[in-house]
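Participant: Here's a sequence, model it:
(one chain, ligands or ions: 2)
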Amino acid sequence: MFKIDYHIHTNYSLDSDADMEDMVLAAISKNIDEIAVTDHVDYHKQYAPPHYDDLVNKFNIIKEKYASKINMVLGVEIGLENSIADTINKFTKMYDFDFIIGSSHGVCGKDLYFDNFFENKNKKDAYTLYFTEMLKNINSINNFCVYGHIDFISRYGKYDDNTLKYSDFSDIIDDILKTLIYKGKGIEINTSGYRYHLNQTYPQYDILKRYKELGGEIITTGSDAHSPDYVADHFDIAYNMLERAGFKYISKFKNLKPTFVPITAISV
Ligand SMILES: [Zn+2]
Ligand SMILES: [Zn+2]
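Facilitator: Ligands and ions are numbered 1, 2, ... in the order given. Next up is the predicted model:
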């Protein structure tokens, strides 16, 4: 089986203190074929890694050192906000990224984790606004490869029951998936929900299956690990879901372009 972990943070992200080399060694020990280092850039929080050149230099040294054991691609996870599309597009062109995850971490200038986004909104309104802004992001920002953890809003909700049912938001979610497919963008299947004891992937199976039904083919797997222990965490579940939903290929990226590798390919 060909396994990629295309969502990994290191201590160049504010919320991780993991050394890049330790993350790579963890991936090698778990027989991962290829990884993307995807540290955070979030302009809605005025946050870009202050020493991004350092990150790229370190990445190149480690990539070279472990080249016979694992493939590494330079990535970034950038927070998408349509109101600052120009700033985001500009940053993504400053470095030779192979892979870019676009994620919704902030909506209408409010960080979903740190700010009061949910105040005075019922669940339906808050989740709908999150998806409406996501669609605007996809239409206004071109320079990304996959949309990260599409239904992550349910992780941040402040309600008695934060769960998100695909059927309650199927119109807007279908619009998002169709637009991504039309623009040649993909989605990721993110396993971090298990780390937070939420026991689900992002997206959940129903949305993954719908993406496939609508013709979606570009998909990556990501642990969103912020420490070595969680690299490729719960990938058995993710790969099982991919097979159940009918995916035969996983995507890897070079120069922001996908190539499709059979999931069942023997590791090289
Ligand atoms: Zn994220
Ligand atoms: Zn992340």
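Participant: Render the CA-only coordinates of stretch 242-249 in CSV, please.
Facilitator: Extracted C-alpha coordinates of stretch 242-249, given in CSV (Å, rounded to 0.1, in the frame of the first residue of the first chain):
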residue,chain,number,x,y,z
LEU,A,242,-11.1,5.6,0.9
GLU,A,243,-11.5,2.0,-0.4
ARG,A,244,-15.1,1.9,0.8
ALA,A,245,-15.9,5.2,-0.9
GLY,A,246,-14.4,3.7,-4.1
PHE,A,247,-11.1,5.6,-4.4
LYS,A,248,-8.4,3.6,-6.2
TYR,A,249,-5.7,6.3,-6.3
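Participant: quick one: average pLDDT of that stretch?
Facilitator: Mean per-residue pLDDT for stretch 242-249: 97.
Participant: For it, list every residue counted as buried.
Facilitator: Leu242, Ala245, Phe247, Tyr249 (16 or more other Cβ atoms under 10 Å). (C-beta placed from N, C-alpha, C; glycine too.)
Participant: if you look at the residues you listed, which of them are in strands?
Facilitator: Among the buried residues of stretch 242-249, the residues falling in strands (DSSP state E) are Tyr249.
Participant: ok, which pair from the buried residues of stretch 242-249 is furthest apart?
Facilitator: The most widely separated members of these, counting by Cβ to Cβ, are Ala245 and Tyr249 (12.1 Å).
Participant: give me the element the residue of the stretch 1-150 of the chain found nearest ligand 2 is part of.
Facilitator: Distances between the stretch 1-150 of the chain and ligand 2 by Cβ to the ion are smallest at Glu77, namely 4.7 Å. Assigned by DSSP states H and E, Glu77 belongs to strand 71-79.
Participant: chain center to whatever helix or strand comes next after that strand, what's the gap?
Facilitator: For strand 71-79, the following helix or strand on the C-terminal side (DSSP H and E) is helix 85-92. When distances are taken as Cα atoms, centre = their mean, to the nearest Å, helix 85-92 is centred 18 Å away from the chain's centroid.
Participant: Output the contacting helices and strands for helix 85-92.
Facilitator: strand 71-79 (3 or more Cβ pairs under 8 Å, 6 or more residues apart in numbering; DSSP states H and E).
Participant: any idea of the angle the strand it packs on forms with helix 85-92?
Facilitator: For strand 71-79 against helix 85-92, the angle by axes from the mean of the first three to the mean of the last three Cα atoms, to 10 degrees is 160 degrees.
Participant: Are there helices or strands packed against the strand holding Glu77, and which ones?
Facilitator: Right, strand 71-79 is packed against strand 4-8, strand 34-37, strand 40-41, helix 52-65, helix 85-92, strand 99-103, strand 249-254 by 3+ Cβ pairs under 8 Å, 6+ apart.
Participant: Kindly format the C-alpha coordinates of the first one as CSV.
Facilitator: Included here for strand 4-8 are C-alpha records, laid out as CSV according to Å, rounded to 0.1, in the frame of the first residue of the first chain:
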residue,chain,number,x,y,z
ILE,A,4,1.4,9.5,2.2
ASP,A,5,1.1,11.8,5.2
TYR,A,6,0.5,15.2,3.6
HIS,A,7,-0.3,17.2,6.7
ILE,A,8,2.5,17.5,9.2
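Participant: List the residues that contact the residue of the chain found nearest ligand 2.
Facilitator: Residue of the chain nearest ligand 2, by Cβ to the ion: Asp224 (4.3 Å). Counting by Cβ atoms under 8 Å, 6 or more residues apart in numbering, Asp224 touches His7, Ile8, His9, His149, Asn190, Thr191, Ser192, Arg195, Tyr230.
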